[in-house]
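Undergrad: sequence isn't available, so here's the structure alone:
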């Protein structure tokens, strides 16, 4: 199993250079010798921007850039276009097919019934489904799936 004690000890231990998680010194620095680069020499003047004592924690997270927002927005636009355009095309194709429906066309309904159009009305269609018994069924226009080419069953 997972042992959380080493993790807790690692978090509590001071970072390299004697600084804690907030970037503040855990112990007083040794006296400065005045020689740059010498051990204990001051590396930044207090109050100078960008130094370890500037008030910002070392390694602070920066806000996300505005470029990532625009990239996310562009991806969303592409997805919307890819979803909407094919639906529009299909709706337009279906409306054209239903408006061109005429007597004598062979159709296939959404239920799988194949028949010949006998009468076309604004909201429904009369379809002959059996030649021998002269069976006719009235369907709503929205129940028509496709118009079949002549000779196809």
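TA: All right, it came through fine. As the structure is a computational prediction, the values presented were derived from the model and not from experiment.

Undergrad: and the host helix or strand of residue 93, what's its mean pLDDT?
TA: Using DSSP states H and E, residue 93 sits within helix 66-99. Helix 66-99 shows a mean pLDDT of 91.

Undergrad: which SSE is immediately downstream of it?
TA: strand 106-109.

Undergrad: domains in the protein, by residue range?
TA: 64-99, 102-148 (automatic domain parsing).

Undergrad: and those, which is most packed in?
TA: When the domains of the chain are scored by mean count of other Cβ atoms under 10 Å, the highest mean neighbour count falls to domain 102-148 (a mean of 14). Placement of C-beta: from N, CA and C, glycine included.

Undergrad: in this structure, what helix or strand scores lowest on average pLDDT?
TA: Every helix and strand of the chain was ranked by mean pLDDT, DSSP states H and E. The lowest is helix 5-12, at a mean of 59.

Undergrad: remind me what the helix holding residue 93 packs against, helices and strands.
TA: Secondary-structure packing of helix 66-99 (3 or more Cβ pairs under 8 Å, 6 or more residues apart in numbering; DSSP states H and E): strand 144-148.

Undergrad: residues contacting the strand it packs on, please?
TA: 97, 98, 100, 101, 105, 106, 107, 108, 109, 110, 114, 125 (Cβ atoms under 8 Å, 6 or more residues apart in numbering).

Undergrad: try stretch 100-114
TA: 115-120, 125, 127, 129, 137, 139, 141, 143-150, 152-153.

Undergrad: switch to 10 Å and redo it
TA: Contacts to stretch 100-114, defined as Cβ atoms under 10 Å, 6 or more residues apart in numbering, come from residues 97, 115-120, 125-127, 129, 137, 139-153.

Undergrad: same question, stretch 119-135
TA: Applying Cβ under 10 Å, 6+ apart, the contact partners of stretch 119-135 are 98, 101-103, 105-107, 109, 113-118, 136-144.
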